[in-house]
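Q: Any chance you could fold what I've pasted below:
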Amino acid sequence: MKKIISTISAATMLFALSLATMSIAKATEFLTIGTGGPTGVYFQTGNAICQMVHKAAISAEHGRKKGTSKPYRCTAPSTGGSTYNIGQIMQGEFQFGVAQSDWQYHAYNGTRPDKVKPFNGLRAVFSVHPEPFQIWARKKAKVKDFKGLKGKIVNIGNPGSGQRGTMEVLMEAKGVDTSFFKSTQELTSSKQVEALCNGVIDAYGYSVGFPNGAMEEAAVCAAKAAPINLTGPEVQKLIDDNGFYAKAVIPKGTYTGQKKDVTTFGVMATVVTSADVSEEMVYTVVKAVFENLEGEYGFKDQHKAFMYLDPKNMIKNGLSAPLHPGAIKYYKEKGLM
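A: Sure thing, here's the model as predicted:
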């Protein structure tokens with residue numbers, strides 16, 4: 001008799017556990033963050049956000065004192081970059097994306113429909129690190145400035161990426177097109193360093209925070225590459241005419257063999273979403289990041305580019321689309337607005 005009761009009790013417990021598991025599974029919300037190439041800071045940014053979400057958004061059923069009312073499952077796949085991410089958010093495929101501040105501006109305002117589809121439903125969440133636009137050239141190519149790229153093989157970036165868009169903006173400002181180069185490649189950020197190191201290309205353009213591991217690889221491989229200065233009246237006009245651009249300096253010693261400061265211009269890396277994404281989800285993501293900025297294994301600990309993040313700047317720098325209500329709710333609660 002005891003054996004029967006024990007068996008029934010075990011079955012009852014198993015059934016209850018099964019129901020609880022089903023309940024949790026049903027309550028789980030999934031979110032996807034579009035990033036960039038697997039070697040870039042965007043990829044690490046998206047995955048760092050997911051880590052913070054998973055760290056914070058654990059339901060009471062999981063035995064945590066702090067957490068949200070439901071569990072979240074966050075993924076941050078490698079993608080084509082800024083404009084691709086914005087397009088996927090617009091189509092409802094992604095809930096969030098990392099995007100350069102210039103493409104956030106153009107998407108929301110519809111000012112570059114040739115590069116990114118107008119999307120007035122785009123909403124800002126927060127900004128992350130500054131991203132100088134950099135052109136890296138192998139030593140033997142003897143490129144010192146933009147003029148030196150004439151007749152060289154240059155990777156201009158894959159279509160749909162922020163680096164491609166910014167490279168084309170710079171080319172337009174300089175009054176050149178692809179015929180200025182010997183030839184061009186459309187490699188993704190994850191492929192360009194290998195191509196440079198192997199001598200397949202002479203240079204590439206890339207918007208990326210620093211220091212960056214892939215850039216260091218370009219500096220120490222056979223190419224002995226280095227970033228070049230991007231200055232002059234054309235660049236200054238870009239900065240003066242566009243609030244999302246700013247002068248940027250990569251300090252000497254940032255990369256192996258870099259003996260001087262490199263002056264260029266840049267944007268901010270920003271996190272964006274859609275007006276259609278729920279207030280609760282955006283609030284959860286913002287809270288997860290902002291309340292885990294500091295400390296061991298915190299957000300700042302995930303990459304050196306995040307080292308100097310300041311919440312007061314993260315809620316405004318590089319943000320041209322309206323803030324999402326979920327973000328506003330958190331910022332007001334914490335006295336940041």
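Q: Stretch 70-85: which residues count as buried?
A: For stretch 70-85, the neighbour count (16 or more other Cβ atoms under 10 Å) marks 70-72, 74, 76, 78-85 as buried. Bear in mind the C-beta positions are built from the backbone N, C-alpha and C, glycine included.
Q: Please disregard the earlier target; I meant stretch 220-234.
A: Of the residues in stretch 220-234, those buried (16+ other Cβ under 10 Å) are 223, 225, 226, 227, 228, 229, 230.
Q: which one of those is nearest residue 107?
A: residue 230 (24.0 Å; Cβ to Cβ).
Q: Give me the local confidence score for the closest one.
A: pLDDT recorded at residue 230 is 96.
Q: Can you say which helix or strand has residue 42 in it?
A: Following DSSP states H and E, the helix or strand that holds residue 42 is helix 41-56.
Q: ok, residue 189 - contacts?
A: By Cβ atoms under 8 Å, 6 or more residues apart in numbering, residue 189 lies in contact with 36, 37, 39, 40, 81, 157, 158, 161, 163, 206, 208, 214.
Q: Where neighbours are concerned, which of the residues you listed has the most?
A: Neighbour counts for those, by other Cβ atoms under 10 Å, peak at residue 36, which reaches 33 neighbours.
Q: Mind checking what secondary structure residue 124 has?
A: strand (DSSP: H, G, I helix; E, B strand; the rest coil).
Q: In terms of pLDDT, where does the residue nearest to it when sequence neighbours are not counted sit?
A: In this structure, residue 124 finds its nearest non-sequential neighbour in residue 319, 4.1 Å apart by Cβ to Cβ, 6 or more residues apart in numbering. Per-residue confidence (pLDDT) for residue 319: 91.
Q: Would you mind measuring from residue 319 to residue 195?
A: Per Cβ to Cβ, to the nearest Å, residue 319 is found 34 Å from residue 195.
Q: Residue 175 now?
A: Residue 175 is 27 Å from residue 195, where distance means Cβ to Cβ.
Q: do residue 154 as well
A: Separation of residue 154 from residue 195 (Cβ to Cβ): 11 Å.
Q: Looking at these two, which one has more neighbours?
A: A direct count of neighbours by other Cβ under 10 Å for residue 154 and residue 195 places residue 154 higher, at 26 against 17.
Q: Over to the more buried one. Which of the three states is it?
A: Under three-state DSSP, residue 154 comes out as strand.
Q: quick one: contacts for it?
A: Taking Cβ under 8 Å, 6+ apart, we find residue 154 in contact with 181, 183, 184, 185, 201, 202, 203, 204, 205.
Q: on that earlier part again, so which elements touch the helix holding residue 42?
A: The elements that helix 41-56 packs onto, with contact taken as 3 or more Cβ pairs under 8 Å, 6 or more residues apart in numbering; DSSP states H and E, are strand 29-34, strand 72-75, strand 96-100, strand 122-137, strand 262-274, helix 279-290.
Q: Dump that helix to PDB, keeping only the CA atoms.
A: What follows is helix 41-56, C-alpha atoms only, in PDB (Å, rounded to 0.1, in the frame of the first residue of the first chain):
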ATOM      1  CA  VAL A  41      32.000  45.500 -31.000                       C
ATOM      2  CA  TYR A  42      28.300  45.400 -32.100                       C
ATOM      3  CA  PHE A  43      28.200  41.700 -31.700                       C
ATOM      4  CA  GLN A  44      29.700  41.900 -28.300                       C
ATOM      5  CA  THR A  45      27.300  44.800 -27.400                       C
ATOM      6  CA  GLY A  46      24.200  42.700 -28.300                       C
ATOM      7  CA  ASN A  47      25.500  39.700 -26.400                       C
ATOM      8  CA  ALA A  48      26.500  41.800 -23.400                       C
ATOM      9  CA  ILE A  49      22.900  43.100 -23.300                       C
ATOM     10  CA  CYS A  50      21.600  39.600 -23.400                       C
ATOM     11  CA  GLN A  51      23.800  38.600 -20.600                       C
ATOM     12  CA  MET A  52      22.500  41.400 -18.400                       C
ATOM     13  CA  VAL A  53      18.900  40.500 -19.400                       C
ATOM     14  CA  HIS A  54      19.400  36.900 -18.500                       C
ATOM     15  CA  LYS A  55      21.100  37.900 -15.200                       C
ATOM     16  CA  ALA A  56      18.300  40.200 -14.200                       C
END
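Q: Leaving aside the residues adjacent along the chain, what's closest to the most centrally placed residue in the chain?
A: In the chain, the centroid-proximal residue (Cα atoms, centre = their mean) is residue 42; its distance is 3.0 Å. Using Cβ to Cβ, 6+ apart and skipping the chain neighbours, the partner closest in space to residue 42 is residue 36 (3.1 Å).
Q: Which helix or which strand is home to the one you found?
A: Under DSSP H and E, no helix or strand contains residue 36.
Q: Also the one 3 residues further on?
A: Counting by DSSP H and E, residue 39 is held by no secondary-structure element, helix or strand.
Q: With that, I have no additional questions.
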